[in-house]
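> I would like the atomic coordinates for the input below:
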Amino acid sequence: PYSSSVCQSLSLQPFSPSVSPSVQSIHPFDRDQSIQLSKMSEDNGQNQHEFLPRTMVGARYFHETPVTQLTQEGFILSRGAVANSSPLQVASEWNAIRAYFLSPNCNSSEHRLFAQSSRAMTRKFVIATTKALNSSRQTPISDSPPEGSQVSSSSSPSFSPSASSSSASSEKIRDLFIENYHSFEGSSLKLESGAELDGVVYNCVISMSKQSSLHSFIIDSREFNDVTILFPPEDRDELKKLLDEANLASTEYRLQDWQTNVINYYESISSVDDVYRRGWDNIFTLEGIAPEGHQDFSRFIFDFMNDIFRFYKQYGQQKGQGQEFELLDGLSERTYLRLWNIIFKALWINGEVLKLDEGEISSSASACRRNGVRSLEDRQSGGHKIDGILTAAKAKTEIGAIEGGKKNESSYGTKYLTDGVKTAKTLKDMFDMACSKAALNGNLIKNDLEVYGYLVSGLRIEFVTFKYFGGRFFLFKRNYTDDLPPILNNNTIWKVKRVLEEFLLMRKRMEDMATMLEKSIYGKGSKEKKNYVSIPTLTTPPPSPKTKKMRLV
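Alright, predicted model coming up:
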């Protein structure tokens, strides 16, 4: 479909020994390799590419083309409109398949020889080739239908490409993801079968039309099945095992018996008034002996239960004999956050180990990432604004984020999804900042560090942990979800106590992590500063002037 003169002017690189002499003279294909490759192809017949995973974007061209006829320009032509709209993506697809041919996963000597004889593709080459092909064809390549997605049809719809052309914003996000992916200096996560998690997820992400946490190399546990379905069954079992290892161990942190006794004393609404009359310091303890810290703990539990009771009384409708309160409909987001702040303040405000900053505040870790390459000509950016930040007080490092919403939303609600992406990116910024600080003291803590999130939506709360998973990727693990009752009475007060107990266990977990951070950042470390290697978090590109105008309208 294109002339040899056009190819000559562009210095197109051939990979076939059967191409025209004019092209071959530009980048000569080694004669011995050409003969060897042709002989292998004749011996193996037409079905030469069956080992190449069909989940790799761009694989169709290789499955439909004999190995001796593979060319870069042929691949670009097969990608249709994608080559015109996103040349960097097409170049990355070619390079990913070429890298696969060179990897231990490829057991075909002819494809390894082909990859060794070829060169990496660049964005500029795709642009120049597309321009040349458009000028030599009656139907421009930009109007040609692009190759369909190679992602498994059984995967989640959230992993399917858009049926229409991607918006300019989506193109920018994809290009930034591809750039960040290839900037990583570490190694990919390899499974026992030899498959690489990074490459498989990469091929999936570049087909997405909307921003996901995966663009920042974060695997959300709610999407974990969508990731594992891209792998064969034996690899899925290994991935699920890795996920199970990231679960919060129920036996790791437990309340002491006397603490459970103090909490269990509040078995009814009237018990709050009873403690108020008798005094919080007179609650029965195990064997009548007051353990160390008993008074502080008993006072804390009383203040908490009393504040919860008063909240339901203030924002609820009283029923019966004053032993039941039903919250009113249409409460604002600020009101729901006030309810949860009863717990947050009671647990963390003015704490010696953990410090709580509440309100719509900016994360310093996110601000540091956004302004990392800022010059004086650029406007300074703030960090992600969230409803609360938890800081390791002595380490002076953020390790927790709180994000709240107005109403109870299901797992497919828009705000639930957007809050999840924002919180995940904020936690990654906190994680990277903590690791970088520790590395300056000679300590690498990537495999040991956890940071934490609390997603509030109306009366529901979700406990989240964030940790390193492997290769380029991190895990945003949703560990525990529960909700406070819409009606507070003698039957539902146990739910309040259960949520409180989960908070107490998370507080202990966070306090231990804060202590570890203090030692890693300011304690005894190596004399030699170390380098923390991380993959960049995606900074969402600003909207175009056209998009801004549309939004104003």
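
> where exactly do the strands run in the stretch 101-250 of the chain?
With DSSP state E, counting those that start in this stretch, the ranges of strands along the stretch 101-250 of the chain come out as 218-220.

> do the stretch 451-553 of the chain as well
451-457, 460-470, 473-483, 487-488.

> Pick the most buried one from these.
Using mean count of other C-beta atoms under 10 Å, the stretch among the strands of the stretch 451-553 of the chain with the greatest mean number of neighbours is strand 451-457 (a mean of 24). Quick note: C-beta positions are derived from backbone N, CA and C, even for glycine.

> Can you tell me which helices and strands that one packs against?
Under the contact criterion of 3 or more C-beta pairs under 8 Å, 6 or more residues apart in numbering; DSSP states H and E, strand 451-457 touches helix 333-348, strand 385-392, strand 397-405, helix 414-440, strand 460-470, helix 493-522.

> hey, what's the most centrally placed residue in the chain bridged with?
For the chain, the residue lying nearest the average C-alpha position, counting by C-alpha atoms, centre = their mean, turns out to be residue 218 (1.9 Å). Per DSSP bridges, the residues bridged to residue 218 are residue 474.

> hang on, isn't it packed against residue 474?
Yes - the pair residue 218 / residue 474 is scored as a contact, 5.0 Å apart, by C-beta atoms under 8 Å.

> so what's the closest residue to residue 187 other than its chain neighbours up against?
In space, and not counting its chain neighbours, residue 187 is closest to residue 471: 6.8 Å by C-beta to C-beta, 6 or more residues apart in numbering. By C-beta atoms under 8 Å, 6 or more residues apart in numbering, residue 471 lies in contact with 186-190, 196-198.

> ok, now residue 436?
With contacts defined as C-beta under 8 Å, 6+ apart, residue 436 is in contact with residue 532.

> Just give the closest residue to residue 325, not the sequence neighbours.
residue 316 (3.6 Å).

> Against residue 131, how distant is that neighbour?
68 Å (C-beta to C-beta, to the nearest Å).

> Between these two, point out the one with more neighbours.
residue 316 (17 against 14; other C-beta atoms under 10 Å).

> Show me the common contact partners of residue 218 and residue 474, please.
Common neighbours of residue 218 and residue 474 (C-beta under 8 Å, 6+ apart) are 428, 466.

> follow-up on the earlier one: pick the most buried one from the helices and strands packed on strand 451-457.
Ranked by mean neighbour count, the helices and strands packed on strand 451-457 are led by strand 397-405 with a mean of 25 (mean count of other C-beta under 10 Å).

> What angle do helix 333-348 and that one make with each other?
150 degrees (axes from the mean of the first three to the mean of the last three C-alpha atoms, to 10 degrees).

> quick check, distance from strand 397-405 to the centre of its chain.
16 Å (C-alpha atoms, centre = their mean, to the nearest Å).

> let's number from 49 now, not from 1
All set: I'll call the first residue 49, so the last point we hit is now strand 445-453.

> Quick one: residues contacting the residue nearest to residue 488 when sequence neighbours are not counted.
Distances taken as C-beta to C-beta, 6+ apart place residue 577 nearest to residue 488, at 5.4 Å, with adjacent residues excluded. By C-beta under 8 Å, 6+ apart, residue 577 lies in contact with 487-490.

> can I get those residues in CSV with pLDDT and distance to residue 452?
Converted to CSV, the contacts of residue 577 look like this (pLDDT from 0 to 100; distance: C-beta to C-beta, whole Å):
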residue, pLDDT, distance to residue 452
487, 92, 33
488, 90, 34
489, 91, 34
490, 91, 38
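
> between these, which is nearest residue 119?
Closest to residue 119 out of these is residue 487 (45.2 Å), distances taken as C-beta to C-beta.

> doesn't residue 581 make contact with the closest one?
No - applying C-beta under 8 Å, one finds residue 487 not in contact with residue 581, separated by 9.3 Å.

> So which elements touch the host helix or strand of residue 321?
If you go by DSSP states H and E, residue 321 is part of helix 317-326. If contacts are counted by 3+ C-beta pairs under 8 Å, 6+ apart, helix 317-326 sits against helix 342-363.

> other SSEs contacting the helix it packs on?
Counting contacts by 3+ C-beta pairs under 8 Å, 6+ apart, helix 342-363 is packed against helix 305-312, helix 317-326, strand 372-375, helix 381-396, strand 535-536, helix 541-570.

> Residue 352: which of these is closest?
helix 381-396 (4.8 Å).

> circling back to that earlier point, please tell me how far the residue nearest to residue 235 sits from residue 499.
For residue 519 relative to residue 499 (C-beta to C-beta), the value is 19 Å.

> Just confirm residue 355 contacts residue 389, I think it does.
No - between residue 355 and residue 389 there is no contact under C-beta under 8 Å: 9.7 Å.

> Quick check: closest non-adjacent residue to residue 409.
residue 437 (6.0 Å).

> Tell me who's in contact with the one you found.
404-405, 409, 411, 446, 448-450.

> Could you find the closest non-adjacent residue to residue 231?
residue 584 (6.7 Å).

> Give me the neighbour count for that neighbour.
18.

> Show the pLDDT at it.
Note for residue 584: predicted pLDDT of 81.

> shouldn't residue 446 be in contact with residue 413?
Yes - Residue 446 is within contact range of residue 413, at 5.2 Å (criterion: C-beta under 8 Å).

> okay, and the common contacts of the two?
With C-beta under 8 Å, 6+ apart, residue 446 and residue 413 have common neighbours 478, 481.

> for stretch 376-384, the distance to its chain's centre please.
Here stretch 376-384 is found 30 Å from its chain centre; the criterion is C-alpha atoms, centre = their mean.

> just stretch 511-531 next, same as before
With C-alpha atoms, centre = their mean, you get 9 Å for stretch 511-531.
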